[in-house]
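1. Quick one: sequence plus predicted model below, questions after.
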Amino acid sequence: MKIRQISCKTALSPSKLPGLDYSLNPYMGCEHNCAYCYAPNVLKINRERWGEFVDVKANIPLILSKELKRRKSGVVGISTVTDPYQPVEKKFKLTRYCLEQLLKHDFPVNIQTKSSLVIRDIDVISKFSDAEVMVSIGTLNDNERQLLEPHSSSIEERLDILRKYAEIGVKTSVFFGPIYPTIQNAELTEILNVFVDCGASEIMIDNFRMKTGIWKSIESALEKNPDILEIFSENLFKNKNFHSEIRKSIKDFASKNKVKIIDAF
């Protein structure tokens, strides 16, 4: 993994994502190396390089502190491109330092991660008057998670994030996406109940988005698991009703259990 410290000129960027006014990305690149990640497509970075480097924006807390003095208050999404709590954060603590700056002005924050390292900062996050911790979970099958998200936290560790933040009254939610195509309709009620029981007040859903190069990455990750690969191929390309049926089942669950469901993008 090539770690490089760089300087940035801006910290906050306008966000077009639902519910967010700004985006804040302390890092460029991601160690989690998820096979389905479309950040390389968004950033126009060679997919073969993704997962091999992280650029650390060493001066971003200082830049952020200056910007916050003149910015209108709004919800800050941390992070909208790469995980703010990927392993490199343990050393550099840029996400924590940025949170400390945001807390001084009490900007609302929405943190999205699949890393249990976010629990480290519970002392800071708990002090915000408006904070949300959204945990990305696409499956409850940790064996499959390890195949496609090899350097991320386990599913149980992610569920523990929800529990710990919900226990202290911080809003928690789940980014249920991309929903693994190995999930069957019959499993959805159990999965969604797990999210709710762990404290999630909202669930955002998303499917696999087959941008250029992503299917090749998935094939490579699953090449030693042909049965799983076959199911992925079937439900991503041949079964045209897979996602619509999954979505309908989720919506039905939401209406019966009064759970807020949000469609991503």
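-> Ah, there it is.
2. Now do the helix or strand harbouring Ser23: distance to the chain's middle.
-> With elements taken from DSSP states H and E, the one containing Ser23 is strand 22-24. Strand 22-24 sits 14 Å away from the centroid of its parent chain (Cα atoms, centre = their mean, to the nearest Å).
3. which element follows it toward the C-terminus?
-> strand 27-28.
4. if you average pLDDT over that next one, what comes out?
-> Rounded to a whole number, the mean pLDDT of strand 27-28 is 95.
5. just checking, what packs against that strand?
-> strand 53-57 (3 or more Cβ pairs under 8 Å, 6 or more residues apart in numbering; DSSP states H and E). Every residue, glycine included, has its C-beta placed from N, CA and C.
6. tell me the angle whichever helix or strand comes after the strand it packs on makes with strand 53-57.
-> Next helix or strand after strand 53-57 toward the C-terminus (DSSP H and E): helix 60-68. Calculated by axes from the mean of the first three to the mean of the last three Cα atoms, to 10 degrees, helix 60-68 forms an angle of 50 degrees with strand 53-57.
7. which other helices and strands contact helix 60-68?
-> Checked by 3+ Cβ pairs under 8 Å, 6+ apart, helix 60-68 has strand 12-14, helix 94-105 packed alongside it.
8. Helix or strand next in line after the strand or helix carrying Ser217, which one?
-> Using DSSP H and E, Ser217 falls within helix 214-222. Following helix 214-222 in sequence order, the next helix or strand is helix 226-233 (DSSP H and E).
9. Next, the angle helix 214-222 makes with that next one.
-> Orientation of helix 226-233 against helix 214-222 (the same axes, to 10 degrees) gives an angle of 160 degrees.
10. List the buried residues in helix 226-233.
-> Residues of helix 226-233 classed as buried: 228-229, 231-233 (neighbour count, 16 or more other Cβ atoms under 10 Å).
11. Can I get these in CSV including distance to Tyr22?
-> Below are those laid out as CSV (distance: Cβ to Cβ, whole Å):
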residue, distance to Tyr22
Ile228, 38
Leu229, 39
Ile231, 39
Phe232, 35
Ser233, 38
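12. right, and the pair among those with maximum separation?
-> Across the buried residues of helix 226-233, the longest distance by Cβ to Cβ is 9.8 Å; it joins Ile228 and Ser233.
13. just the helices in this structure please.
-> Listed in chain order, the helices of the chain (DSSP state H) span 39-43, 60-68, 89-92, 94-105, 122-125, 142-148, 155-167, 188-197, 214-222, 226-233, 242-257.
14. what helices or strands is the strand holding Ser23 leaning on?
-> By 3+ Cβ pairs under 8 Å, 6+ apart, strand 22-24 packs against strand 12-14, strand 76-78.
15. Can you point out the buried residues in stretch 234-246?
-> For stretch 234-246, by 16+ other Cβ under 10 Å, it's 235-236, 242-243, 246.
16. which residues are contacting it?
-> For stretch 234-246, contacts defined as Cβ atoms under 8 Å, 6 or more residues apart in numbering pick out 179, 181-183, 185, 188, 207-208, 210, 215.
17. Redo these as TSV? Include distance to Leu43 and pLDDT.
-> Formatted as TSV, these follow (distance: Cβ to Cβ, whole Å; pLDDT from 0 to 100):
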residue	distance to Leu43	pLDDT
Ile179	24	96
Pro181	25	96
Thr182	28	97
Ile183	29	96
Asn185	35	90
Leu188	33	95
Asn207	21	90
Phe208	19	89
Met210	18	86
Trp215	19	94
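18. buried subset of those?
-> With burial judged by 16+ other Cβ under 10 Å, the buried subset of the contacts of stretch 234-246 is 179, 181-183, 188, 207-208, 215.
19. pLDDT below threshold where in the protein?
-> 265 (pLDDT under 70).
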